[in-house]
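1. Need a 3D model of the sequence below.
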Amino acid sequence: MTGAARFRTFLDWSVERFGRPLHRVALDAGSQCPNRDGTKGFGGCVYCDVEGSGTGAMRRGDELALQLERGLARIARRHNAGPAVAYFQSYSNTYVQPERLDLVLATVEPHLGRGVAAVSVATRPDTLPEGALDVLERWNRRVPVWVELGLECADDARLIEINRLHTVSDFVDAVARTQRRGLLTVGHAILGLPGDGREGARRTADTLAQCGVDGVKVHQLMVLRRSILSHWWREGRVELLELDEYVDWLADFVERLAPHQALHRLHADARAEDLLAPSWTPHANQVRARLERELARRGTRQGTLARG
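-> Coordinates of the predicted model:
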């Protein structure tokens with residue numbers, strides 16, 4: 001955290017580590033998930049749409065190298081153009097053979113030192129075998145690599161209900177194994193999942209702090225059009241957080257994180273044609289400002305209520 005800031009942002013962290021802000025280029029490598037292909041289940045996580053919470057670019061025929069080139073070109077046109085993070089976002093990117101993962105990561109090679117400053121690989125904690133970690137560790141010697149692991153909530157019963165079909169202990173173990181390889185870790189959380197509640201949000205923050213992830217992404221529950229959750233919502237089975245309520249819960253969450261953990265994301269948005277609810281989709285700066293004000297009102301900051 002810098003100056004009087006009450007929480008540590010991704011911008012702060014990236015400037016400290018890389019000397020400049022980083023910009024993400026979201027990539028779709030055509031991966032899959034074990035709770036979609038029948039290995040564990042079908043349909044995917046209830047909140048996840050058919051694109052695996054990603055771009056859907058591969059399905060549309062956009063090859064990976066082209067996705068990256070277009071993303072880097074978009075960044076280069078910005079007034080504050082800086083280095084990029086090649087973010088392998090869609091589905092579970094280590095749910096492939098190690099040789100396939102190595103081939104996917106090789107897409108960034110022509111751009112190392114010329115646009116791409118880091119690599120981020122999103123996956124599930126139960127699809128992270130040692131062979132995948134071998135590949136990631138090897139690439140980490142050439143370019144900083146971090147692994148984004150979905151926890152979403154720290155309650156095994158809720159993880160079954162929302163069809164994630166892994167456990168909290170799977171997540172904790174995956175974080176430990178990843179960090180032993182010298183890789184950074186980013187944990188994902190969703191506030192407002194069915195049955196989780198405000199205490200659940202606090203418990204998830206406690207878990208992320210205690211297992212020591214380097215960064216955290218947190219966002220509100222959203223109902224996407226092509227998701228299982230959309231049916232629950234239409235049936236009246238889902239209550240969503242309003243913006244003020246979300247910021248209140250988010251303050252609880254941030255107070256319980258460790259001070260060093262960088263907040264890579266504070267809320268999520270979606271394309272208007274994909275989003276059914278909630279109706280509010282504020283700019284990231286609005287959520288950041290509201291959170292800062294709420295923590296100031298409380299007289300707290302990130303880490304105030306962290307355990308241990």
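2. so is A117 in a helix, a strand, or just coil?
-> Secondary structure, DSSP: H, G, I helix; E, B strand; the rest coil: A117 is strand.
3. pretty sure it contacts P83?
-> Yes: if you go by Cβ atoms under 8 Å, A117 and P83 touch, sitting 3.4 Å apart. From N, CA and C alone the C-beta is placed, and that goes for glycine too.
4. Is R24 located within a strand, as I assumed?
-> Yes: residue state for R24 (three-state DSSP) corresponds to a strand.
5. Give the bridge partners for it, please.
-> V85 (DSSP bridges).
6. ok, it - contacts?
-> By Cβ atoms under 8 Å, 6 or more residues apart in numbering, the residues touching R24 are A84, V85, Y87, S120.
7. Spatially, which two of these are the most separated?
-> A84 and S120 (10.3 Å; Cβ to Cβ).
8. what separates R225 from R78, distance-wise?
-> R225 sits 30 Å away from R78, going by Cβ to Cβ, to the nearest Å.
9. Neighbour count for the two, which is higher?
-> Taking neighbours as other Cβ atoms under 10 Å, R225 and R78 compare with R225 leading, 13 against 9.
10. Closest one of the contacts of R24 to L27?
-> If you rank these by distance to L27 using Cβ to Cβ, Y87 comes first, at 6.1 Å.
11. Can you tell me the SS state at the closest one?
-> Assigned by three-state DSSP, the conformation of Y87 is strand.
12. Give the buried residues for stretch 151-169.
-> Of the residues in stretch 151-169, those buried by neighbour count under the rule 16 or more other Cβ atoms under 10 Å are 151-155, 158-159, 162-166, 168.
13. hmm, who's touching it?
-> Outside stretch 151-169, the residues that touch it by Cβ under 8 Å, 6+ apart are 34-35, 40-41, 43-47, 124-126, 150, 171, 187-190, 193-196, 200-201, 203-204, 206-208, 228.
14. Going through those residues, which ones are buried?
-> Neighbour-count burial (16+ other Cβ under 10 Å) applied to the contacts of stretch 151-169 gives 34-35, 40-41, 44-47, 124-126, 150, 171, 187-190, 193-194, 196, 200-201, 203-204, 206-208, 228.
15. In strands only, show me the residues you listed.
-> G150, G187, H188, A189, I190 (DSSP state E).
16. between these, which is nearest Q261?
-> Of all those, Q261 sits closest to G187, with 8.6 Å by Cβ to Cβ.
17. Would you confirm that the closest one contacts L208?
-> Yes: counting by Cβ under 8 Å, L208 is a contact partner of G187 at 4.7 Å.
18. Common neighbours of those two, please.
-> Common neighbours of G187 and L208 (Cβ under 8 Å, 6+ apart) are L151, V216.
19. picking that back up, select from the buried ones among the contacts of stretch 151-169 every entry located in helices.
-> Counted as lying in helices by DSSP state H, out of the buried ones among the contacts of stretch 151-169, are F171, G200, A201, R203, T204, D206, T207, L208, I228.
20. Now for those residues: which two are most distant?
-> It's D206 and I228 that sit farthest apart of those, by Cβ to Cβ, at 27.8 Å.
21. coming back round to it: anything in contact with each of A117 and P83?
-> Counting by Cβ under 8 Å, 6+ apart, the common neighbours of A117 and P83 are F18, L22.
22. where exactly do the strands run in the chain?
-> Under DSSP E, the chain gives strands at 23-27, 84-88, 116-123, 145-152, 184-191, 215-220, 223-224, 262-265, 275-277.
23. Make JSON lines out of the contacts of R24 and add pLDDT, distance to L101 and neighbour count.
-> What follows is these, written out as JSON lines (pLDDT from 0 to 100; distance: Cβ to Cβ, whole Å; neighbours: other Cβ atoms under 10 Å):
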{"residue": "A84", "pLDDT": "95", "distance to L101": "20", "neighbour count": "23"}
{"residue": "V85", "pLDDT": "97", "distance to L101": "17", "neighbour count": "22"}
{"residue": "Y87", "pLDDT": "97", "distance to L101": "15", "neighbour count": "22"}
{"residue": "S120", "pLDDT": "98", "distance to L101": "14", "neighbour count": "24"}
